[in-house]
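> Next one to model:
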Amino acid sequence: FSFNGVTDIIDVPRPIFTLISFSAGDVNVGAIIAVTIIFLVGMVETMGGVENYTQSSELRSAKGEEYAGAIAGNSLVSIMAACFGALPLTIYQQNIAIVNQTKVKNKYVLLLAAFALILISFFPIVATFLTTIPVSVLGGCLLPLFASIAISGLRIIAKCGWSAKNVLILTLSLGVGYGLTLVPAITTVSGNGDWVDYLKLVLQNPVAMLFIVGLLSYYAIPKSLDKIEG
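Numbers count the residues shown, from 1 in each chain. A predicted model of the protein is given here:
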């Protein structure tokens, strides 16, 4: 194990406004739009995670108050993270997969795990230790987790039905949304720091593009196609 990258055993994060001075000219509309889109993507992912958990562990659809609570909680931590210079946060879908596999869903166990992660975050040496894990070992652990998330997502899609509209939305989201991220002319950042560069940073993210194309497709495709089974 190599801990050469660790300079401090204990480190306490400081709010970003104590490190950087801001002025009116620092406001960038492109950055605001990009972060807003990322935040909306995170909220939709949060809803998907809640539905994933209730479908797999509770064998039911999520309730409105469960969606609201998850979005409110995620919004709160995203606001707190922004004070330290972080982007909007998303829920850890892999943890939902662990709950689904182990069937351990006691809230006190999850609360204890959350406090443990908070405590560990003050010790950079722990993070450095984790980076020493071979990629092959880490990949072997994560493969079944993320694969189970994909299967849960397909289960949710199947529950929505395979009408012509749903199939077309899914097709456009995967084809156009993911395909655009592979076109360098669209995603290459010029380095000028203008609003176009910030928009391209969003275009580089496949999850964000799938969300944008899916959302636009849902409202653009006529509802009459819902009556046609795929």
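
> Next, work out how far apart the residue most central in space within the chain and Ile71 are.
The residue lying closest to the centre of the chain (CA atoms, centre = their mean) is Thr90, at 4.1 Å. Distance from Thr90 to Ile71, counting by CB to CB, to the nearest Å: 12 Å. (Glycine included, C-beta is placed from N, CA and C.)

> so what sits against both of the two?
Thr46 (CB atoms under 8 Å, 6 or more residues apart in numbering).

> circling back to that earlier point, skip the chain neighbours and tell me the closest residue to the residue nearest to the centre of the chain.
Of all residues not flanking Thr90 in the chain, Gly42 sits nearest, at 4.3 Å (CB to CB, 6 or more residues apart in numbering).

> State the number of residues packed around the one you found.
Applying other CB atoms under 10 Å, we find 22 residues neighbouring Gly42.

> Just give me how far stretch 69-83 sits from the chain centre.
Centroid separation between stretch 69-83 and its chain, computed with CA atoms, centre = their mean, to the nearest Å, is 13 Å.

> in the protein, which spans are helices?
Taking DSSP state H to define them, one finds helices in the chain at 29-53, 64-82, 93-102, 107-120, 124-131, 135-160, 164-172, 178-180, 184-187, 195-203, 206-220.

> which stretch among these comes nearest Pro15?
helix 64-82 (9.8 Å; CB to CB).

> contact partners of the closest one?
Contacts for helix 64-82 (CB under 8 Å, 6+ apart): 39, 42-43, 46-47, 49-50, 54, 87-91.

> is it true that Ile186 touches Val202?
No - when contacts are counted by CB atoms under 8 Å, Ile186 is not listed as touching Val202 (10.9 Å).

> on that earlier part again, out of the helices of the chain, which gets nearest to Ile16?
Here helix 64-82 is closest among the helices of the chain (CB to CB), at 8.0 Å.

> buried set for the closest one?
Residues of helix 64-82 classed as buried by neighbour count (16 or more other CB atoms under 10 Å): 66-67, 70-71, 74-75, 78, 82.

> and what of stretch 198-215?
Neighbour-count burial for stretch 198-215 [16+ other CB under 10 Å]: 198-203, 205, 207-214.

> Could you measure from Ile37 over to Asn166?
Where Asn166 is concerned, Ile37 sits at a distance of 23 Å (CB to CB).

> Distance of the closest residue to Gln101 other than its chain neighbours relative to Ser56?
Closest residue to Gln101 apart from its sequence neighbours, by CB to CB, 6+ apart: Ser148 at 6.8 Å. Distance, Ser148 to Ser56, using CB to CB: 8 Å.

> got any residues that touch both of these two?
In contact with both Ser148 and Ser56: Asn100, using CB under 8 Å, 6+ apart.

> Kindly check the end-to-end length of stretch 198-212 for me.
Using CA to CA, to the nearest Å, the end-to-end distance of stretch 198-212 comes to 15 Å.

> circling back to that earlier point, give me the neighbour count for the residue nearest to Gln101.
Considering only other CB under 10 Å, Ser148 is surrounded by 19 other residues.

> And for Val135?
Neighbours around Val135, by other CB under 10 Å: 7.

> oh, and call the first residue 25 from now on, that's how I've got it
Yep, numbering from 25; the last one is Val159 now.

> And it, what's its pLDDT?
With respect to pLDDT, Val159 has a value of 81.

> Over to Asp50?
Model confidence at Asp50, given as pLDDT, is 68.

> What of Ala121?
73.
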